[in-house]
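Visitor: This is a predicted model, with the sequence first.
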Amino acid sequence: MRKGPKPERSCRECQRLFTAEYGDKRRAFCSDTCSARNNHRISKGKKRAAEHGVDAGRIDPIAVLERDGWRCHICGGHAPRELRGTFAAEAPEVDHIIPMSRGGRHIESNVACAHRRCNIEKGDGLALEDAEPARRWVHR
């Protein structure tokens, strides 16, 4: 039988360290609030995909941003984690590479990290392979 202090783990939502209660070994969130916030964020994308009539998968935005190293796929700049959820121009967001309005699916391989400013500027544009970087996204 294991004795000593229980190991701390990081909350999947707020990254705060917490200790799970006895019998709750699989708990991934420090509170019910963090769990609800995470579920809301993930289900929001599925709801939008249904509105556009495209396939949808369960995507965790934080996992996508971590996968991309918190770098904007449009300009290549760093997107600071501490700005996530703010209205700052450099705030990291999840961007659909092929927009859902153009038939792009809401799946992990079709999303990437982008600055809020870059995402707004791109809008529902599509990538042009032969365009110079400053004019890479166009609306068709």
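Guide: Now that the structure is in, tell me what you want to look at.
Visitor: What is the helix or strand in which residue 39 is found packed up against?
Guide: For residue 39, the host element (DSSP states H and E) is helix 32-52. Counting contacts by 3 or more Cβ pairs under 8 Å, 6 or more residues apart in numbering; DSSP states H and E, helix 32-52 is packed against helix 61-67. In short, each C-beta sits where N, CA and C put it, glycine included.
Visitor: avg pLDDT for the helix it packs on?
Guide: Averaging pLDDT along helix 61-67 yields 91.
Visitor: which of the residues in that helix are buried?
Guide: For helix 61-67, burial by neighbour count (16 or more other Cβ atoms under 10 Å) applies to 61-62, 64-65.
Visitor: do stretch 47-63 as well
Guide: So for stretch 47-63, counting by 16+ other Cβ under 10 Å, buried means 49, 52, 54, 56, 59-62.
Visitor: Redo the residues you listed as JSON lines? Include distance to residue 32.
Guide: Shown next, in JSON lines, are the buried residues of stretch 47-63 (distance: Cβ to Cβ, whole Å):
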{"residue": "49", "distance to residue 32": "26"}
{"residue": "52", "distance to residue 32": "31"}
{"residue": "54", "distance to residue 32": "31"}
{"residue": "56", "distance to residue 32": "25"}
{"residue": "59", "distance to residue 32": "22"}
{"residue": "60", "distance to residue 32": "18"}
{"residue": "61", "distance to residue 32": "20"}
{"residue": "62", "distance to residue 32": "18"}
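Visitor: Out of these, which is nearest to residue 7?
Guide: residue 62 (21.8 Å; Cβ to Cβ).
Visitor: now that closest one: how far from residue 98?
Guide: Computed as Cβ to Cβ, to the nearest Å, the residue 62 to residue 98 distance reads 22 Å.
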